[in-house]
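In: no sequence on this one, just coordinates:
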């Protein structure tokens, strides 16, 4: 089994990108604001969140894997 060591700043970065995805999707699905106001902001947050999540995830998966000595 492989474990991945993740630092606190990396966890915060991952949480922020996931939050952007959720907030953007929430804006697009809600009826609180007019479509003209929520559309551009919602799509931007969703796109930036998705676009940044993929490279961050790949970097973490390729990064510092540590072999678990209990499962060798």
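Out: Yep, that arrived. Owing to the predicted nature of the structure, the values given are computational and were not obtained by experimental measurement. Residues are numbered from 1 along each chain as shown.

In: measure residue 46 to residue 58 for me?
Out: Using C-beta to C-beta, to the nearest Å, residue 46 is found at 19 Å from residue 58. No exception for glycine: its C-beta is placed from N, CA and C like everyone else's.

In: more neighbours: which of these two?
Out: Taking neighbours as other C-beta atoms under 10 Å, residue 46 and residue 58 compare with residue 46 leading, 19 against 10.

In: OK, contacts around the residue lying closest to that one once chain neighbours are set aside?
Out: Leaving aside its sequence neighbours, residue 46 sits nearest to residue 24 (C-beta to C-beta, 6 or more residues apart in numbering; 3.3 Å). Counting by C-beta atoms under 8 Å, 6 or more residues apart in numbering, residue 24 makes contact with 41-49.

In: do that again at 7 Å, thanks
Out: Counting by C-beta atoms under 7 Å, 6 or more residues apart in numbering, residue 24 makes contact with 42-43, 45-46, 49.

In: what helix or strand is it located in?
Out: Take DSSP states H and E as the rule and residue 24 turns out to sit in helix 8-29.

In: coming back round to it: quick check, nearest of the contacts of residue 24 to residue 3?
Out: Set against residue 3, the nearest of these by C-beta to C-beta is residue 49 (26.2 Å).

In: any low-confidence regions in the chain?
Out: 1-2, 64-72 (pLDDT under 70).

In: circling back to that earlier point, what comes up buried for the helix holding residue 24?
Out: Buried residues in helix 8-29, counted by 16 or more other C-beta atoms under 10 Å: 13-14, 17, 20-21, 24, 27.

In: same deal with stretch 52-62?
Out: Here stretch 52-62 shows 52-53, 60 as buried, counting by 16+ other C-beta under 10 Å.

In: could you point out the longest helix of the protein?
Out: The longest helix of the chain (DSSP state H) is helix 35-62.

In: sorry, back to before: any idea how far the residue nearest to residue 46 is from residue 34?
Out: On the measure of C-beta to C-beta, residue 24 and residue 34 end up 17 Å apart.
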